[in-house]
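*Asks:* Whatever this is, show me its structure:
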Amino acid sequence: MTTNGQRDDSCVAATEDRLLDGRLILRQPARGHRAGTDAVLLAAAVADRRETFIIDVGAGVGTAGLAVTLRQPESELVLIDNDPTIAVFARHNLAANGLAERGRVVVADVMDKVACRLSGLAPGTASLVLTNPPFFAPHNVRRPADPGRAGARVLGPSVDGEGGVSLIAWLRASLAMLEPGGRFAIIHRPDALAQLLAGFEGRLGSVRVMPVYPRERADAIRIIVVGVKGSRAPLVMRPGLVLHEADGRFTATVDAIHRGAALLDV
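*Replies:* So this is what the prediction gives:
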């Protein structure tokens, strides 16, 4: 990844980075949560198929959604995030990657059905929904001081202000946007698997789970999960992905994914 430091129009210190061997241009805040391997792996988990309408839920600066859409020359893209500051970067990135004519950014809480509909997001319309959601509930982790990092790592309050948003609720709101037969992809922590399956119940089938390991013989640190809305096919546990060699270098497979030269067989 190459990086150039600068400031964006909102006076937030920013960098302009290039991922996927330079094919994906990303402007993002210099501090706080930044695009990285999770988003690249999520995008690589989406097998190439002719998509018509892609939604990236909790998109941040748009990394995963943009990476997939660059491989889908006929698809439309919506990037949803509830942070207006991050949305400025996402809009810039749409234009920088030549996708302004077939993509847009929606600033809304995915849990707010009214706001989503007013933004033109009708239920059951997306052919692909992907999401890299905040990993932690508010009661399970100390909230980071940096607002951007906090928003990316910790699920926020519910729309009505009563308690926090659960992962299951996030999943169901995301799956509601998906058309029958549409595909869903998510990356999360391994200990969230039970919640993921609960959120999929009665909605998503043909579920395939790929563990992600930091190195050989280590415990998994991520799971990548894909599925098909309305399918009744059973769950399949796929072979795992190892990120690093013993010397810390990316494995050949992961290096190829970072260069945009390979996809994951989830």
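*Asks:* Confidence-wise, which helix or strand of the protein is lowest on average?
*Replies:* helix 147-153 (a mean of 50; mean pLDDT, DSSP states H and E).
*Asks:* where do the strands sit along the stretch 151-266 of the chain?
*Replies:* 178-188, 204-213, 222-229, 236-237, 241-242 (DSSP state E, counting those that start in this stretch).
*Asks:* okay if I get these as JSON lines plus mean pLDDT?
*Replies:* JSON lines is the format used below for these (pLDDT from 0 to 100):
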{"stretch": "strand 178-188", "mean pLDDT": "98"}
{"stretch": "strand 204-213", "mean pLDDT": "99"}
{"stretch": "strand 222-229", "mean pLDDT": "98"}
{"stretch": "strand 236-237", "mean pLDDT": "98"}
{"stretch": "strand 241-242", "mean pLDDT": "99"}
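*Asks:* Reformat the ones you listed as a markdown table; add mean neighbour count.
*Replies:* Heads up, the C-betas are built off the backbone N, CA and C, glycines and all. A markdown table is the format used below for these (neighbours: other CB atoms under 10 Å):
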| stretch | mean neighbour count |
| --- | --- |
| strand 178-188 | 21 |
| strand 204-213 | 19 |
| strand 222-229 | 22 |
| strand 236-237 | 12 |
| strand 241-242 | 20 |
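*Asks:* can you redo the ones you listed as JSON lines with distance to Thr15?
*Replies:* Below are the strands of the stretch 151-266 of the chain laid out as JSON lines (distance: least, CB to CB, whole Å):
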{"stretch": "strand 178-188", "distance to Thr15": "23"}
{"stretch": "strand 204-213", "distance to Thr15": "25"}
{"stretch": "strand 222-229", "distance to Thr15": "24"}
{"stretch": "strand 236-237", "distance to Thr15": "38"}
{"stretch": "strand 241-242", "distance to Thr15": "27"}
